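K.L.:
Need a 3D model of the sequence below.
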Amino acid sequence: MAALLLVVFRGPLFRAVSGRLVTIAERFRVRQVLVDGEHLLTKDAVLKAAGVPLASAMFRVSTEVVETRLESQPWIKRARVSRRFPDTIEILITEREPIAAIRQQSMIIVTADSMAVPPPSERWVWDLPLLLPPHSVQTTVGRVLRDAETLALLNEAVTVRRVSVDSWQNLSELYYRGDEIYASLARPTVELRLGHGVGELAWTALASYFAYGEDRPADGATQLIDLRFAGKVIVTAGRPIEERLNG
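P.N.:
This next block holds a predicted model:
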């Protein structure tokens, strides 16, 4: 019996079977990793985060592990990883949406779901509304923002982004004066009084106000627009903002 087993494991049948297994193993190796869904991140950044080495065995790539690895990156909200035999790993990501910025030792981006994230590239242009809470806020990249007053400012930016991209892109700063929220626009020079927060109806009314070409403030003056009353736009006569603040 031992002699027979020795013949089987050393004979032509063993060599044929082992050769076939080697051929199959070589065929099912990772030859390419495809990435989709990236807009702000680069493909190279996603591939680096995924950490799937080329030529690794397809069956040894854990899609769940790769998804977890990707979703640990601050910019990636969701990741779906799948195998496409014989040799392809497919990655589909959903990026977080940048909504505003906050200044600490350096500038940090805050996303729609309150995550603090770093600039996605060295070429990032800081054109997001700036959140200015009434006190110093320390947050860490990769962590969800918890400060209630900062979150209230962020909520206004999220709301206006949902209503009108143009209005959101025109937001310059969101800040407090006393216990009320204010905002400033870049063009035209307008300050918005938001009270303790306004809803979509107020931002829709503001978008309509500008769409119909209402009067713009005179040079050196800043209109104060009160949005605290749902669906209404109440405009204060334009005066230099410094005069108004000084009484």
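
K.L.:
now Gln169, nearest residue through space, not along the chain?
P.N.:
Spatial nearest neighbour of Gln169, chain neighbours left out: Asp127 (7.5 Å); criterion: Cβ to Cβ, 6 or more residues apart in numbering. (C-beta placed from N, C-alpha, C; glycine too.)

K.L.:
In the chain, where is pLDDT below threshold?
P.N.:
Residue ranges of the chain with pLDDT under 70: 1-26, 213-221, 237-247.

K.L.:
That one: helices as residue ranges?
P.N.:
Using DSSP state H, the helices of the chain run over residues 2-10, 12-27, 43-50, 63-71, 148-163, 165-170, 200-211, 241-245.

K.L.:
Arg103 and Leu130 touch, don't they?
P.N.:
Yes - using Cβ atoms under 8 Å, Arg103 is in contact with Leu130, at 6.9 Å.

K.L.:
which other residues reach stretch 94-107?
P.N.:
Applying Cβ atoms under 8 Å, 6 or more residues apart in numbering, the contact partners of stretch 94-107 are 37-41, 74-79, 108-113, 115-117, 119, 126, 128-131, 133, 137-139, 145, 150, 153-154, 157-158, 161, 174.

K.L.:
quick revisit: how many other residues sit next to the residue nearest to Gln169?
P.N.:
Asp127 has 9 neighbours, counted by other Cβ atoms under 10 Å.

K.L.:
just checking, it touches Trp168?
P.N.:
No - under the criterion of Cβ under 8 Å, Asp127 makes no contact with Trp168, lying 10.8 Å away.

K.L.:
hey, what's in contact with both of these two?
P.N.:
Common neighbours of Asp127 and Trp168 (criterion: Cβ under 8 Å, 6+ apart): none identified.

K.L.:
okay, now Ala100: neighbour count?
P.N.:
24.

K.L.:
ugh, wrong one, Ala157
P.N.:
For Ala157, the count of nearby residues is 22 (other Cβ under 10 Å).

K.L.:
Please determine how far it is located from Val52.
P.N.:
As judged by Cβ to Cβ, to the nearest Å, Ala157 and Val52 stand 36 Å apart.

K.L.:
So what would you say the end-to-end distance of stretch 128-147 is?
P.N.:
This stretch, stretch 128-147, spans 19 Å end to end (Cα to Cα, to the nearest Å).

K.L.:
Sorry, wrong one. I was asking about stretch 102-113.
P.N.:
Counting by Cα to Cα, you get 15 Å between the two ends of stretch 102-113.
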